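Colleague: how would this look folded up:
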Amino acid sequence: MMLEIRPLNNLSIHLDRLIKGRLWLKVMIGLVAGAGLGLLLNPSTGLVSESVGSWAANWLDLPGQIFMRLVQMIMIPLIFASII
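Modeller: Predicted structure coming up:
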């Protein structure tokens, strides 16, 4: 399989689409919504019990843990191979 080489103009066009599509705004809204949800699910606020907060935290943490383990699965062999 041959690697296709594209000019950097295509990257510029793609970045312009991301900016015009307001990806940055969507990321900021997601960041604020996630922080707000985290504050609401915090047992110290008294809105949820500690067991429910712990259960929700474990489920919300699952995608992040899977992502981090996948990154480790890639990075450790790369680092090992680069040292050798």
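Colleague: hey, let's count contacts and neighbours off CA atoms from now on
Modeller: Noted.
Colleague: so which strand or helix has I74?
Modeller: helix 50-83 (DSSP states H and E).
Colleague: actually I29, sorry about that
Modeller: If you go by DSSP H and E, I29 is part of helix 23-40.
Colleague: average model confidence for that helix?
Modeller: For helix 23-40, mean pLDDT rounds to 91.
Colleague: Pull the residues that contact that helix.
Modeller: With CA atoms under 8 Å, 6 or more residues apart in numbering as the test, helix 23-40 has contacts from 45, 47-48.
Colleague: now those residues in JSON lines, with pLDDT, secondary structure and neighbour count?
Modeller: Formatted as JSON lines, those follow (pLDDT from 0 to 100; DSSP: H, G, I helix; E, B strand; the rest coil; neighbours: other CA atoms under 10 Å):
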{"residue": "T45", "pLDDT": "83", "secondary structure": "helix", "neighbour count": "10"}
{"residue": "L47", "pLDDT": "85", "secondary structure": "coil", "neighbour count": "12"}
{"residue": "V48", "pLDDT": "84", "secondary structure": "coil", "neighbour count": "14"}
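Colleague: Output these in CSV; the columns should cover distance to L37.
Modeller: Shown next, in CSV, are these (distance: CA to CA, whole Å):
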residue, distance to L37
T45, 12
L47, 11
V48, 12
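Colleague: returning to that earlier point: and the direction of the helix holding I29 versus that of helix 50-83, what angle?
Modeller: Counting by axes from the mean of the first three to the mean of the last three CA atoms, to 10 degrees, helix 23-40 lies at 130 degrees to helix 50-83.
Colleague: Okay, now the unreliable bits of the chain?
Modeller: By pLDDT under 70, the low-scoring segments of the chain are 1-2.
Colleague: Identify, from the contacts of helix 23-40, the entry nearest to I66.
Modeller: Proximity of these to I66 (CA to CA) peaks at V48, which lies at 26.0 Å.
Colleague: Relative to I13, how far out is the most centrally placed residue in the chain?
Modeller: In the chain, the C-alpha nearest the mean C-alpha coordinate belongs to G64, at 7.1 Å (CA atoms, centre = their mean). According to CA to CA, to the nearest Å, G64 and I13 sit 31 Å apart.
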